[in-house]
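Novice: give me a 3D structure for the following:
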Amino acid sequence: MAQSSLDRGLSLLEEIAASSEQDARSLADRVDLPLSTTYRYLRVLRDRGFVRETDGYYEPGPAALALLGRHTTQAQLADLGPALLDGIVDELGETALLIVRVGAQALCLARSDPDKVLRYSFGINELLPLHAGAGQRVLLAWAPDAVVERVLSSSLPIYTDRTLSLERLRASLPTVRQSGWAVSRGELEQGAVSVAVPVFVGGEVVCSIDVAGPESRCGSREWVQRVVTILGRTASALSEAIESRAAASPSSLIRTSASPSRTTNPDGVSR
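Specialist: Predicted structure coming up:
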């Protein structure tokens, strides 16, 4: 029996939700539709808020994210994150950040600062590059393949003399996934050190938790190891809190084939 228009539109939406950012031609090939028809359906889905287009790439829009539960998850991150970040600042005395991925960029969702003159932080809702900085590279390491390739195939800005080259960036991602954390030494801002770990919910990385400070206070391996331990504990607490809230409605959890990696010694991460 021939597919109805509704069937075709839903097939397209399912493909976008499953694979994230793809262009119209890739989507047309995957759902076996003419390119002109694919554009027509994408226009309707975009107008209704089910998809969002950025530079010719399509990803789930606000309406689809609400149905998938991602909107709920991000709201929970914004609700639960600040208190946990405050606890990190109390223990470490440095800036703590909660960072999420938005397409091929990152965004600072929450932040807690120490009472110090010299500190390192991003503005709330500030967009950040995925290729520079510990929290951003953690998100890139667990991003869908299409997002990773989009970032790696683009012209990557160089922020400092320590910003990773394309070759070093590509090589670092499997290391981050294996170790379960990342460290940045001046990749985005000269003289800054940051350490980050992923937070898993339903098997998918929903954010990273990042601690950042000046190299004069945060440059030692001992400091990095202490941060990894504290962040690992905090990430587990945040994951458990979100999953506990979602226990009454399991469909709100995000499911994927990815599974969390355990942290290892700081010497296992390329700097």
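
Novice: in the helix or strand hosting Glu59, what's buried?
Specialist: Under the criterion DSSP states H and E, the helix or strand holding Glu59 is strand 57-60. The neighbour-count criterion (16 or more other CB atoms under 10 Å) identifies Tyr57, Tyr58, Glu59, Pro60 as the buried residues of strand 57-60. All C-beta atoms are positioned from the backbone trio N, CA, C, and that covers glycine.

Novice: how about stretch 186-199?
Specialist: Neighbour-count burial for stretch 186-199, counted by 16+ other CB under 10 Å, picks out Gly186, Glu187, Leu188, Glu189, Ala192, Val193, Ser194, Val195, Ala196, Val197, Pro198, Val199.

Novice: tell me the secondary structure for Ala196?
Specialist: Secondary structure, DSSP: H, G, I helix; E, B strand; the rest coil: Ala196 is strand.

Novice: pLDDT value on it, please?
Specialist: Reading off the confidence values, Ala196 has pLDDT 98.

Novice: and if you look at the one 5 residues further on?
Specialist: The pLDDT attached to Val201 in the predicted structure is 90.

Novice: again, but for Ser154
Specialist: Reported pLDDT for Ser154: 87.

Novice: that one - nearest residue in space that isn't next to it in sequence?
Specialist: Distances taken as CB to CB, 6 or more residues apart in numbering place Ala104 nearest to Ser154, at 7.7 Å, with adjacent residues excluded.

Novice: tell me the one of the buried residues of stretch 186-199 nearest Leu173?
Specialist: Taking CB to CB as the measure, Pro198 is the one of the buried residues of stretch 186-199 closest to Leu173, at 12.4 Å.

Novice: if I pick the closest one, what's in contact with it?
Specialist: Neighbour list for Pro198: Val138, Leu139, Ala141, Trp142, Gly180, Trp181, Val205, Cys207, Ser208, Ala235, Pro260 [criterion: CB atoms under 8 Å, 6 or more residues apart in numbering].

Novice: next: Val195.
Specialist: Residues counted as contacts of Val195 (CB under 8 Å, 6+ apart) are Ala134, Trp181, Ala182, Val183, Ser184, Asp210, Val211, Ala212, Val224, Val227, Val228, Leu231.

Novice: how about 10 Å then?
Specialist: Under the criterion of CB atoms under 10 Å, 6 or more residues apart in numbering, the contact partners of Val195 comprise 92, 94, 134-135, 138, 181-185, 209-213, 218, 223-228, 230-231, 266, 269.

Novice: of the residues you listed, keep whichever come out buried.
Specialist: For those, a burial check counting by 16+ other CB under 10 Å picks out 92, 94, 134-135, 138, 181-185, 209-213, 218, 223-224, 226-228, 230-231, 266, 269.

Novice: the closest residue to Ala141 other than its chain neighbours: neighbouring residues, count only.
Specialist: Taking CB to CB, 6+ apart, and ignoring the residues beside it in sequence, Ala141 has Val176 as its nearest neighbour in space, at 4.1 Å. Other residues within reach of Val176 by the criterion other CB atoms under 10 Å amount to 25.

Novice: buried stuff in the helix or strand harbouring Val176?
Specialist: Element membership of Val176, judged by DSSP H and E, is helix 166-179. The neighbour-count criterion (16+ other CB under 10 Å) identifies Leu169, Ser172, Leu173, Val176, Arg177, Ser179 as the buried residues of helix 166-179.

Novice: report pLDDT for the nearest residue to the third one once chain neighbours are set aside.
Specialist: Taking CB to CB, 6+ apart as the measure, Leu173 lies nearest to Ala141, with 4.6 Å between them; neighbours along the chain are not counted. On the pLDDT scale, Ala141 is placed at 97.

Novice: and what of Ala75?
Specialist: At Ala75 the predicted local distance difference test score is 78.

Novice: what's near enough to touch it?
Specialist: So Ala75 contacts nothing (CB under 10 Å, 6+ apart).

Novice: just Glu187 next, same as before
Specialist: Going by CB under 10 Å, 6+ apart, the list of residues near Glu187 reads 129, 131-134, 136-137, 158-164, 169, 193-194, 271.

Novice: distance of it relative to Ile158?
Specialist: The gap separating Glu187 from Ile158 is 10 Å, by CB to CB, to the nearest Å.

Novice: so what pLDDT did the residue nearest to Ala141 get?
Specialist: 97.

Novice: Leu140 versus that one, what's the distance?
Specialist: Distance, Val176 to Leu140, by CB to CB: 8 Å.
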